[in-house]
Each structure stands twice: as C-alpha cells, then as structure tokens.
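[1] predicted model and sequence follow; I will ask about them next.
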Amino acid sequence: MIQFQQVSKSYPGGFDAIKNLSFEVPDGELVFLAGHSGAGKSTLLKLMAGIEKPSSGAVLLNGQNLARMSRASLPFVRRHIGLIFQDHKILYDRNVFDNVRLPLDIIGFDHMEGRRRVLAALDKVGLAGKEKLNPVSLSGGEQQRLCIARAVVHRPSILLADEPTANLDSDYAHDILELFKSFHQVGVTILISAHDESLMMDYGRRILRLKHGQFCA
Amino acid sequence: MKNWFRLHLLALTRTIGSLFRHPLGSLLNLLVIGITTALPLALWTLIMSVSQISDQVSVEPELSVFLRHSATAEDVKGLQATLKADARWLKVEFIPKANALAALQANLGASDLTAGLAENPLPDAFVLQAKENDPAGLEALKKELSSIVIIEEVQLDSDWAERLARITDLGRAIFEVLASLLALALVLITGNAIRMQILTRRDEIEVAKLIGATDSFIRRPFMHAALVQGLLGGGVAVLIVWGLVAYVNPTVIELASAYGQSVSLLAPDALTIVVVCLASAVLCLIGASLAVSRYLYQFR
C-alpha cells in the first residue's frame, strides 16, 4: 500500500513540483499517471521511491513513513521497489547480463540462483540470447526492456515506471504495457507514468492526471 | 556469513581484475605509493645499519689511561699493582711506550717518521676493562683515574660510540617526523586516487544507490582496491630500498674499509617488510575510507 498524505515538494528557487497531494494505491493495483512534461510525474515517483524527500506531508510505504526512515534502512525499502528510469540509467561498462544482475549482487544473491533469475528476467522481456551483448548495441526499445528486466529481476512488490513508453512507436509501446500487465497479474503493485494518455485508455485502469503538481479531472 | 565472504571474494577478484585492465594507471599508482613509502624505509634502513655499528662497538668499552712523561718506573709499577688489586677491573694491560712506538711503526709501515725523533714521544699507557659497563659507572671510574697525579689523560673508548648513538638518535627523530609526514601524504594520495576512481564509477554508484545498495556495498570495492594497492605499494617500497642498498653497498663497504671497519647497509628483514606492507595498506585504507565517506555524504 502506497499512501500520500498532503504531500508537497518544492525545489530550491521556489518551484513547487507537487502541491498538497493525497491519495492511496492499494496492493496489487495498476495505476497510470498522466500529465504533460513538468506536471510533476517524475517527482511523484521519486517521492514514492524515497529518492526525494517531501517538503511537507508524509509518504507511507506499507505504513512506514519514508521521510522518518534512517539513512541505513532506506536501501532495504528500495529493494522492495523496482525502478524504471526515464533515462534508463543503463551501465555501458558491462554486458546485458551484468546490468540485470546488479540488483541481485546488491542483495547478495546466491550465484547460480541469481544466474537463473537473470536469464528468466531477460527471457520474460524478450531479450533471451542477448545477455552477452553490450547495451550500446541494443535498440532504444531493447534498452527499455533491459531496464525493465533489471527492475523486476529481484521480484519487487512495487514497480515504478517513469515514461517507459516514451520515444517508442505505438506497437512497441503496447508490447511494453502488455509486459507490465503480466507483472500486474502476478500481484505486483504498478505505477506507470506517461504523457500520452491515449495508450492508457485501452486498459481501463485508474488514471491519476497531474497538472502543475495537482490532480485534475 | 558465507554470503558475506563470497561478496568480498567477488569484490576482490574484480579489484585485481581492474588492476590488470588499467595496467599503466595501476603501475603509476603503485609507484607513487611505493616511492612515498620507500623514503622513510630507506632512512630506517640507514639508521638500523648505523646503530648496529655502535651496538657492536659499545659491547666492551675500554679505558685508555695515558701516563705523564714525568712518571718514573716505580710510579708505574705502583699504579699497576693498585689497579690489579682493584676488584672493579676485569682486565689490566700495561703498554710500555716502546711497545706503543713499535706498534705505530708497524702500522705506518715505515720507520722514517720516527727515525728523526730524539726520544720516544709516546707515553706509557694502560688499557683497562671494567667489570660493570654502565655508562654512569664508567664515567665515575674515568673521573677517579683522572685524579691520580701521574695520569695525564683518560679516554673512554666508548665515547665515539656514544656520539654515534646520539647521531642515530637524531636520525630516529628525523625518521619519526619524516615518516609521519609521508604517512599523511600517503593518506592524501590514496584519498585522491580513490576519489578519481569514484568519479569514473559515478553512474554505477548512482544506479546502485537507487536500487537499494547500502553504503557498505558502495564502499566495499574501493576499500578492496586500497587494500590491494597498499600491500603492493609496500612491496614496491621494499624493492626500491633493496635496489638502493644493493646499489650503495659496494661504496659503503669500500669507505668503511678505508677506516678499517667492516660495515654494510642491511637490507630490510622479513619483519620490516611485513610491517611496511601492513602500514602502507592501513594508510591507504584510511585514505580510501575518507574519500568514500566524503562522497557518500555529498551524494545524500
């Protein structure tokens, strides 16, 4: 369960990215987050992952207030979250396999079991057989899939995807969304942000529309 | 526990791997650490070699007692009897002036120097060895002998060894200051080197932090790198000093033999090597720890 309680976020210089937002996402729900660039979608996802701290209000993850959490325990909370970044954040100094393996290394996963998990995640996103390639040689859509594989390899209970369909043609975007749907079917709580609302309409899910840091109809 | 060990092993193999991936950079790093560590080690080697000489010499210090020319044969006999009766002396040896002259001639290898002299300029002498060798006791004995009328001068043979010991004390003091400064330099150098490594791996650290890496996970590879570099750097320092000793030793031996001594510089022993490598590793770890902590603090 993700809860926002009167959350505001302003950046130095007086820019208010999020203004007094309150909402809940129950366990296992798939929610879309819509809005133009600069509407506050990324900030909202960053607040959920504890990457940003709210200026006021509280962000609760399974009842725990992220802002009150100690610096030492935050990493352990993050391990329950799979993050898909707008800018991918792929590491080009290692191959596809090692990119996906990183979360398991951080958790300290058993070597052989980890290997199975990585290959399974790559298979799931349709990158089977490409594990030895350098990410540079992947197409934009494939890099996006790599990012998703890395986000789900440690089987998080929450998946936060920031603009996963940006820069993809609509067929490819649908494939990606179908992929998220399959994760949702096994009980993962998912938030997907996008500026293109037409894609979301087909799925009949709750859509949170953001404008200037506030919800709008 | 098993997992912790596996993670460390993994990080260590990656560290050693990255040393070989950037051979030139690694080599330069090791040289910087090695040279910095070699300077105090070289000074230490010098001090140990010199203090070894003074230790050897001052084991059985002797007193040379020179008599006045005015002393008669009876005076000498009387003094010899008194000294022999004195239980504080282990050895009392009388060297008549004729013997001393003969020895001098033999040493110089020619009689020309003394041939022209009307009379023997050398005094009669005693060489004494005391039972107790503590410096204060010897000094007291020397004073006591000096007060005897027919004795012109008393020389404590350990005097020059004593001076040498003072010089090595000074050397030790210089070593302490130099070692402290270079230890600080080593911390700063490694800190800076690790900071550069952190900057080149910024993306990786950022991603790792975002997906739930703890500070110790971020810290681990850099600490391993510092440990490996410190140990190897210490090894480089030992090699440098070995080379230095091998290079300088022929000259030292030649110089010492000109003074009738057999002296050579001692290469660092096993204990010194272990201490140097460990010290260098610990200092590198401190530098790395400071650099990573500072970065993690800023990253927050």
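    Nice, thanks for sending it over.

[2] tell me how many other residues crowd residue 167.
    Defaulting to chain A. If you count neighbours by other CB atoms under 10 Å in any protein chain shown, A:Asn167 ends up with 11. Using the backbone N, CA and C atoms, a C-beta is placed for each residue, glycine as well.

[3] hm, I was asking about chain B
    That count, for B:Ile167 with other CB under 10 Å as the rule, works out to 14.

[4] remind me which helix or strand it belongs to.
    According to DSSP states H and E, B:Ile167 maps onto helix B:159-200.

[5] now swap in A:Leu47 and tell me
    Per DSSP H and E: helix A:41-48 holds A:Leu47.

[6] mind listing what's buried in that helix?
    A:41-48 (16 or more other CB atoms under 10 Å in any protein chain shown).

[7] export those residues as TSV, with columns for distance to A:Leu199 and pLDDT.
    Below are the buried residues of helix A:41-48 laid out as TSV (distance: CB to CB, whole Å; pLDDT from 0 to 100):
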residue	distance to A:Leu199	pLDDT
A:Lys41	14	92
A:Ser42	18	91
A:Thr43	21	93
A:Leu44	19	94
A:Leu45	17	94
A:Lys46	22	92
A:Leu47	24	93
A:Met48	21	93
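
[8] show me which of those residues is closest to chain B.
    A:Lys46 (9.6 Å; CB to the nearest CB).

[9] tell me, how many residues neighbour A:Arg145?
    A:Arg145: 25 neighbours (other CB under 10 Å).

[10] and the nearest residue to it once chain neighbours are set aside, how far is that from A:Cys147?
    Using CB to CB, 6 or more residues apart in numbering or on different chains and skipping residues adjacent in sequence, the residue nearest A:Arg145 is A:Val125, 4.0 Å away. Per CB to CB, to the nearest Å, A:Val125 is found 9 Å from A:Cys147.

[11] tell me which of the buried residues of helix A:41-48 is nearest to B:Gly34?
    A:Lys46 (45.7 Å; CB to CB).

[12] let me see the contact set for that closest one.
    A:Lys46 makes contact with A:Glu52 under the criterion CB atoms under 8 Å, 6 or more residues apart in numbering or on different chains.

[13] for A:Ala58, same thing?
    A:3-7, A:65-67.

[14] give the helix, strand or coil label for A:Leu33.
    strand (DSSP: H, G, I helix; E, B strand; the rest coil).

[15] how about A:Ser193?
    A:Ser193 ends up strand, using three-state DSSP.

[16] ok, A:Arg209 next?
    strand.

[17] distance check, it against A:Leu44.
    12 Å.

[18] what's the answer for B:Ala246, then?
    With distances taken as CB to CB, B:Ala246 is found 69 Å from A:Leu44.

[19] now the helix or strand of chain A with the lowest mean pLDDT, how far from the centre of its chain.
    Every helix and strand in chain A was compared by mean pLDDT, DSSP states H and E; the lowest is helix A:198-201, with a mean of 83. Centroid separation for helix A:198-201 versus its chain: 18 Å, with CA atoms, centre = their mean, to the nearest Å.

[20] other residues contacting that helix?
    Counting by CB under 8 Å, 6+ apart, A:32, A:34, A:165, A:170, A:173-174, A:177, A:192, A:194, A:207 sit against helix A:198-201.

[21] again, but for stretch B:203-220
    So stretch B:203-220 is contacted by A:49, A:51, A:71-72, A:75-79, A:81, A:83, A:85, A:89, A:91, A:93, A:102-103, A:106-107, A:150-151, B:7-8, B:11, B:198, B:289, B:292, B:295-296, B:299 (CB under 8 Å, 6+ apart).

[22] test my guess that the residue nearest to A:Arg145 contacts A:Arg150.
    No: applying CB atoms under 8 Å, one finds A:Val125 not in contact with A:Arg150, separated by 9.5 Å.

[23] pick out whichever of the two has more residues nearby.
    A count of neighbours by other CB under 10 Å puts A:Arg150 above the other of A:Val125 and A:Arg150, at 30 against 22.

[24] could you say which helix or strand holds the more buried one?
    Assignment of secondary structure by DSSP H and E places A:Arg150 within helix A:140-152.

[25] buried residues of the longest helix along chain A, list them for me.
    Looking across chain A with DSSP state H, the single longest helix is helix A:170-185. Going by neighbour count (16+ other CB under 10 Å), the buried part of helix A:170-185 is A:172-173, A:175-177, A:179-180, A:183-184.

[26] repeat for stretch A:9-27
    Those would be A:9, A:16-18, A:21, A:25, for stretch A:9-27 by 16+ other CB under 10 Å.

[27] end to end on it, go ahead and measure it.
    Terminal residues of stretch A:9-27 lie 24 Å apart, using CA to CA, to the nearest Å.

[28] and that stretch, how far from the chain's centre?
    The mean C-alpha position of stretch A:9-27 is separated from the chain mean by 17 Å, CA atoms, centre = their mean.

[29] before we move on, which element is A:Leu127 in?
    Applying DSSP H and E, one finds A:Leu127 in no helix or strand.

[30] other SSEs contacting the longest helix of chain A?
    Judged by 3 or more CB pairs under 8 Å, 6 or more residues apart in numbering or on different chains; DSSP states H and E, helix A:170-185 is in contact with strand A:30-34, helix A:140-152, strand A:158-162, strand A:189-194, helix A:198-201.

[31] understood, closing this out.
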